[in-house]
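> coords please:
(3 chains)
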Amino acid sequence: MTGNREPRDAPCPRDGSRREFLKNLGVGGVATIAGTGVALAAPNLGGDALADAWSDFFQDHYQRMTPEELANALARIERRARRRFGVDIRCEDTPPLDGVVFGYALNISKCRGYRECVEGCVRENNPGRDSQVQYIRVLEIDRGTMNLEGSDHYYDPETVPRPGKFYLPVQCMQCDDPPCVKSCPVEATWKEPDGIVVIDYDWCIGCRYCMAACPYWARHFNWTDPWIPPAEINPVTNYLGNRPRAKGVTEKCHFCTQRTRKGRQPACQEACPTGARIFGNLLDPTSEIRYVLENKTVFRLKEELGTDPKFWYFTD
Amino acid sequence: MPFLHFLRDGLKAMFSGGRSYWMWVGVLGVLVGFGAWNYAHQLDRGLVVTGMSDQVSWGLYIANFTFLVGIAASAVLLVIPAYIFNRPAIKDVVLFGDGIAVAAVAMAMMFVLADLGRPDRVWHALPYLGRFNWPASLLAWDMVVLSGYLLLNIAIPAYILYCHYRNREPNLRFYFPLIVVAIFWAISIHTVTAFLLSSNPARPFWHTALLGPRFIASAFASGPALIILVFQLIRRVTAYPVQQEVIRTLAWIMAVAMQINLFFVVAELFTDFYNEGTHAASIRYLFLGLHGFDSLKPWIWTAMILNLIAVIILTIHPLRNSMPWLNTACVAGFVGIWIEKGMGLVLPGFIPTPLGEIFEYTPTGTEIAVAIGIWATGILIFTLLAKGSIPMKLGRLRHGRPQEKSH
Amino acid sequence: MWRLVLLSVFALPFQILWSPVAAVEQNGPPSPARTSAAQPPPFTVVARQDNLLFYPCGRCHEFMPEHPLLVAATRPPPPHPESLNHGGDRLWCQTCHSLDDADHLRTLRGTPVPFDRAYLVCGQCHANRERDWLFGGHGKRVANWRGTRELYLCTNCHDPHDPTIKPRKPRKPPPLRADLGPVAATPKGPIMIWDERVSP
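Now for the predicted structure:
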């Protein structure tokens, strides 16, 4: 079930009966469990919060929701942000574009370790500020080696680049054969037709097996309730992208679905002051990314693990 | 109806006992409550109350989980001699093995549940209602085999006990196929748990074909260690006779398993260190420390010494046959393997991270408290199961006959 | 030697016909004569000329006498850059600027180039970079990855009088999970063979 989404307008009959079953169950047995779940999910139960928490509990998997259910889910997300942060956000469900598979290339001879991409990503993607979540790690590595184990993640000198060092930003590689997708016991994460590996944050059970399976340390966990200062919230959000998350679920770089699926560059590309980042459509032979892949000597990190990453590094 | 009576009488037997019995249950109950209270705290605040981080994303909970699955699997060491090799002495006590298996699987499941970020969403893993990523996900496999094993280990002893209760001979033809399934199932639960870890090339420390065999070997060492100790306890506090032959057989199995396990550890060490590459970083961290980080070093060396002590005692016949020495070996082997394949196996998989960061982990008080609570729950489960089944097994509790006085 | 002269004479009309400036009147790919491989995709640039502080330069230079001393000056007075930290001693003002037409840059051959097509000047030496830039392997595309291709000019990122990007303070290091202590130490990199073999 890692491939294309099921068509929205034609939910399979199995789902119908399943829905019915859940509804009946909701009245009886599961009600108590649901109650606990509700209590866990939403400590503040005023106004429509209780009804929302109830619906959240029974919310279906993204790929199985009817258009109506999805619309309700998006509305609940917006209401939740309003309640929690006092901010009006807009949450959309932006579908993947036809004939597009995204790829990323990064010129490590251009990267100077400023960490502007990290900053741009945090500003764009609404990660909790106190929950350790940053999608991009910039590694400072000694020249003359490619050993990640000797890398410094916390470099903080007066000026970068430091002599004798080079910088290697690492983020989700959107593997074509993603081990995280294979590992997820509940199919909460999958590869979209445009090659982006996404997470349904409302379906994730927080077992963190995907974090153990990822060779790039790309997946991050909301150890605590992710808090964002209201002034810093990016109100333009996407269901499979940068909408505010809840505690206890995993998240990761999604190539800024809320931007890239509308033709925009990802936030890290935009933030990079050195032009080291090249993003585009792998299926378009005239795209920048294809030019790089066909004309530069590129390599992929840990390619030998066979996950077929769609993130390349090159030097010039 | 008789089955309801069976359950009713069983429950009655579980909850009737002398003062020391109630003291014991009370202490366990307090510990369970202590764990539950800490778990409530964790639910409220999130997993931030644990020592886990993005760097070390599994800790004490999953360490206990892997260890306990091994304990559960080792019940098969009573089942095989009892039913395949027809050893009557072992057949008499095989129920307790099942009881330990039930308790261990229950604990393993509780440890996974405690580790979940969103326990309110476990229903997402139910087939039909949720979406179950089977057969792709090894964790999905683990859920299947663990719940199946739990059912088998409840069904088989329940049937046998029920027959005793009804004063009938259990029909071997009826339950023998289940026994055979259970034997393979026991091996499978621990193999799947090993594959859960070894299937990740992202974690070179786990990514070894030896992990499965090593898990089975260490399970067959730690399991009998626990069973030997428990049987002596049962012999002492209840009227149930456990023959010395059973303990001798288990001690012998444990000796062989300990030797094999130690050999596997040496094989791992040799392969990693002879031509030391980056894949050896974790094992270097574990045994020698890496870049000045070495918080697991004292633990693993303690485990190695304990295992060595156990192997030496078990290998020397006179020592193995003397109860104090055997008990020393059992405690040493049990604790040694708990460290070796719990914290000593799960944590180094995360250190260094796939991006080479070395970040250490220490369990917090909350984590330890929840773990203690789960262990207490498991022990309580076993206590109740044993308490309920002993009178039936001894023939004191029969259908339509009130239970005779026992202590 | 004669062969070369003859060849140049013959080639002259073609060179004029396919002159890069002539072909790139509108911002777009240069002529096929300049790139042997495929055509770079069409693009526009982030216009910069009108934002230049003193542009049009001709406003002043119109009234300036072409004094021989000024013409030869390697360190012109403000508002011109104080120094030229580009190309060692091989370049000077008039490599890229022209006193006859201060509102345009000039190629080595003297062809005027608008400031918004500075890449035609830069590309004379940095031909590989220019090619990468035209195709998207160097520099930066603005805002979108499809549709109108808008590129930053060389001079948007590089000061032509001092083109290297300067070291600066990085953004702050990554945080740790809430309630977890600081990182105890940073790992030491590998010891290279030259570190080992250096005799005291």
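
> my guess is A:Ala212 contacts B:Asn200, does it?
Yes: assessed by C-beta atoms under 8 Å, A:Ala212 is found in contact with B:Asn200 at 5.9 Å. Where C-beta positions appear, they are placed from N, C-alpha and C, glycine not excepted.

> contact partners for residue 147?
Just so you know, I chose chain A. A:Ile141, B:Thr278, B:Gly356, C:Pro190 (C-beta atoms under 8 Å, 6 or more residues apart in numbering or on different chains).

> to clarify, I was referring to chain C.
Residues near C:Gly147 by C-beta under 8 Å, 6+ apart: A:Gly263.

> and it, how far is that from B:Val32?
C:Gly147 sits 63 Å away from B:Val32, going by C-beta to C-beta, to the nearest Å.

> cool, A:Thr159 as well?
Where B:Val32 is concerned, A:Thr159 sits at a distance of 57 Å (C-beta to C-beta).

> residue boundaries of the helices in chain A?
A:13-27, A:30-41, A:49-58, A:67-85, A:116-125, A:179-183, A:209-213, A:257-260, A:267-271, A:288-295 (DSSP state H).

> tell me where chain C has strands.
Remark: strands assigned in chain C by DSSP state E are C:44-45, C:105-106, C:112-113, C:150-151.

> now these in JSON lines, with mean neighbour count and mean pLDDT?
As requested, those are arranged in JSON lines below (neighbours: other C-beta atoms under 10 Å in any protein chain shown; pLDDT from 0 to 100):
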{"stretch": "strand C:44-45", "mean neighbour count": "18", "mean pLDDT": "95"}
{"stretch": "strand C:105-106", "mean neighbour count": "21", "mean pLDDT": "95"}
{"stretch": "strand C:112-113", "mean neighbour count": "16", "mean pLDDT": "96"}
{"stretch": "strand C:150-151", "mean neighbour count": "19", "mean pLDDT": "96"}
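
> so which of those strands gets nearest chain A?
strand C:150-151 (9.8 Å; C-beta to the nearest C-beta).

> packing partners for the closest one?
Applying 3 or more C-beta pairs under 8 Å, 6 or more residues apart in numbering or on different chains; DSSP states H and E, one finds that strand C:150-151 contacts strand C:44-45.

> so what strands line up beside the strand it packs on?
strand C:150-151 (parallel) (DSSP bridges).

> need the contact partners of the partner strand.
C:Phe43, C:Thr44, C:Val45, C:Val46, C:Trp133, C:Gly139, C:Lys140, C:Arg141, C:Val142, C:Ala143, C:Asn144.

> and the residue of the stretch 151-300 of chain B closest to chain C?
B:His291 (4.3 Å).

> that residue reaches B:Ile358, doesn't it?
Yes: with contacts counted by C-beta under 8 Å, B:His291 reaches B:Ile358, the gap being 5.7 Å.

> who's more crowded, the two?
B:Ile358 (22 against 18; other C-beta atoms under 10 Å in any protein chain shown).

> how close does A:Thr307 sit to B:His399?
Distance from A:Thr307 to B:His399, by C-beta to C-beta: 60 Å.

> could you do A:Arg80 as well?
Distance from A:Arg80 to B:His399, by C-beta to C-beta: 57 Å.

> swap in B:Glu276?
Distance from B:Glu276 to B:His399, by C-beta to C-beta: 66 Å.

> the more surrounded of these two?
B:His399 (16 against 11).

> which stretches of chain B have low pLDDT?
Residue ranges of chain B with pLDDT under 70: B:402-407.

> contact residues of it facing chain C?
Taking C-beta under 8 Å from any C-beta of the partner chain as the contact definition, chain B meets chain C at B:Val48, B:Gly51, B:Ser53, B:Asp54, B:Leu290, B:His291, B:Gly292, B:Phe293, B:Gly356, B:Ile358, B:Phe359, B:Glu360.

> among those residues, which are in helices?
Filtering the residues of chain B next to chain C for helices - DSSP H - leaves nothing at all.

> same list (the residues you listed) but as a markdown table, adding distance to B:Arg248.
A markdown table is the format used below for these (distance: C-beta to C-beta, whole Å):
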| residue | distance to B:Arg248 |
| --- | --- |
| B:Val48 | 50 |
| B:Gly51 | 42 |
| B:Ser53 | 47 |
| B:Asp54 | 49 |
| B:Leu290 | 44 |
| B:His291 | 48 |
| B:Gly292 | 48 |
| B:Phe293 | 44 |
| B:Gly356 | 50 |
| B:Ile358 | 46 |
| B:Phe359 | 47 |
| B:Glu360 | 43 |
